[in-house]
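Enquirer: Dropping a prediction and its sequence here:
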Amino acid sequence: MIRKFWILIKYEWINFRADKGLLILTLFTLLAGLYGIYYGTTEIDRQRRNIAALDSITEHNIEEMKAKYPGEADAGDIGYYHSTFAVNHPDTWASLSMGQRDVNPYYIKLRLLNLQSQLYDTENINPLKVLSGNFDLAFVFVYLFPLLIIGLCFNILSVEKEQGTLPLLLSQPLGLPLIVGAKLGFRVMIVLALALLLSIIAMGWGRVVPDVRIGMWLGTVVLYCLFWFGVAFLVAALHKGSAFNAITLLGVWLLLTIVIPALLNVYVAVTQPVPQALELTIRQREVVHGGWDKPKRETMEAFFARYPQWTDTTEIKGRFAWRWYYAFHQLGDMAVEDLAREYQEGLRARHQLVERLNVLSVPVNVQGVFNALAGSDLPSYLDFLQSATRHHDSLREFYYPFLFKQIPFRHADYQNEPRHSFTSSPDLDTAYGGMYKLLVSVLVVYVAGLVLFRLLPAMVK
């Protein structure tokens, strides 16, 4: 049996080399994968260079401040004109699956002013680019490898019937299961070898840190490819013609990669509404701008309720004081605390809902696994926003003693200013959960295919 299997594999290899269409399709997928690796690593390297340049920008800004205020300065002036950055460093795996890093900012410029408008004051992005996503290796695996598998497998059995060679094969001491198994086995070896090659190149090119994620990534890729081979086997078990198989497989691909994700997006948006970041930004600005017209005593009393340690500071008698100015900026953040929390909790709830529903679409599930492994998913970005919020709080804690105790700000004090750094981390629990659901999907399609293969007649003529 084993010898017969490898003889069939040998002839499948000969037929594969002679089929220029399949060779071109395989070569195209290889080139697409190499481009995905190139694009992913180039984009992440660009982000790293931009992040590295932020330190020099900060130092340059400090030198400008020193030149502008050569002696002792009011900390209020420093807090207003001096800026720092909250930075989201990419994980080494991010080049394989960029996820949300091409949609959300990976650094935020911060000053001592109100926080929320700074968190969501991002650059405009091309909505079409966001819709399609970046062409990284995860994109190639999720969207293009199924098409390669469809091109290789849509006629594994039907072509033998249509060419009249199936009865000849069955006249030999070969069973139909062995023939189909050898045809599928050969194609599995081709696709998995290509996927393994691309993964190894991507990991080397992206200089990923080797850890348990290597096995998880390769396991996910293998299971995902086996799922699509299982779908091809399921369709072949219907014993229909090549045209029917091709249309059916493309319909399944369209359903799982386009239609169901679009419907899930609409369902999640309707069932889990999220306050708009613009709404809380406008609300905060209304409070901040209204602070100019409120009595200073009213503003300071509201501020002291949050920061009682500054209650005994001197009363503001003039028309303007920096500590009063920053106090009503703080009140602007306090006014939208609940809305900001609802916004981020709503985004997390949406993500969790998608994680529960992605069992309906294997590609969505696999994309989530890749993003979780790379630390480029939505929860990682929300963790970065929380880290930026804590950094802004530390800036206030650093500057408030200067402001409320009216201590002069000296050049040496710049060295004590808090600096921020955050590195995305993988979500292995989400990845393990996604892999489990993927394994179940693989088992379902193969069991269904075996059942159909045994129940339906081959209709060999």
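Expert: That came in fine, so what should we check first?
Enquirer: Low-confidence ranges, the stretch 201-350 of the chain, go.
Expert: By pLDDT under 70, the low-scoring segments of the stretch 201-350 of the chain are 277.
Enquirer: Now do the helices in it.
Expert: Secondary structure of the stretch 201-350 of the chain, counting by DSSP state H, counting those that start in this stretch: helices at 213-236, 242-254, 260-271, 277-290, 296-306, 322-335, 337-357.
Enquirer: Phi first, then psi, for Met98.
Expert: phi -70, psi -30 (degrees, to the nearest 10).
Enquirer: Quick check: it touching Thr42?
Expert: No - using CB atoms under 8 Å, Met98 is not in contact with Thr42, being 10.9 Å away. To be clear about C-beta, it is placed using only N, CA and C from the backbone, and glycine gets the same treatment.
Enquirer: Those two: who's more crowded?
Expert: Met98 (26 against 12; other CB atoms under 10 Å).
Enquirer: contacting residues around the more buried one?
Expert: Applying CB atoms under 8 Å, 6 or more residues apart in numbering to Met98 gives the contacts 40, 43-44, 134, 136, 138, 374, 376.
Enquirer: with the residues you listed in mind, which one is nearest to Gly346?
Expert: The shortest approach to Gly346 among these belongs to Ser376, at 20.4 Å (CB to CB).
Enquirer: residues contacting that closest one?
Expert: 90-91, 94, 97-101, 424 are the contacts of Ser376 under CB under 8 Å, 6+ apart.
Enquirer: Quickly check these for the two that are furthest apart.
Expert: Between all members of these, the farthest pair (by CB to CB) comes out as Asp91 and Gln100, at 12.3 Å.
Enquirer: Tell me which of these two has more neighbours.
Expert: Counting neighbours by other CB under 10 Å for Asp91 and for Gln100 shows that Asp91 has the greater number, 22 against 19.
Enquirer: Not counting sequence-adjacent ones, nearest residue to that one?
Expert: Leaving aside its sequence neighbours, Asp91 sits nearest to Gly375 (CB to CB, 6 or more residues apart in numbering; 3.9 Å).
Enquirer: Check the offset of the lengthiest strand in the chain from the chain's centre.
Expert: Longest strand in the chain by number of residues, with DSSP state E as the criterion: strand 84-89. Distance of strand 84-89 from its chain centroid, counting by CA atoms, centre = their mean, to the nearest Å, is 18 Å.
Enquirer: Surely Val209 and Thr92 touch.
Expert: Yes - contact criterion CB under 8 Å: Val209 and Thr92 qualify, at 4.8 Å.
Enquirer: who's more crowded, these two?
Expert: Thr92 (20 against 11).
Enquirer: hmm, back to that, output the longest strand of the chain as CSV, restricted to C-alpha atoms.
Expert: Below are the C-alpha coordinates for strand 84-89, written out as CSV (Å, rounded to 0.1, in the frame of the first residue of the first chain):
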residue,chain,number,x,y,z
THR,A,84,7.2,64.3,24.9
PHE,A,85,6.1,61.0,23.2
ALA,A,86,4.3,57.9,24.3
VAL,A,87,5.7,55.1,22.1
ASN,A,88,4.4,51.7,21.1
HIS,A,89,7.4,49.6,20.1
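Enquirer: so what does it touch, helix or strand wise?
Expert: Here strand 84-89 touches helix 20-68, strand 107-110, helix 378-404, strand 422-423, going by 3 or more CB pairs under 8 Å, 6 or more residues apart in numbering; DSSP states H and E.
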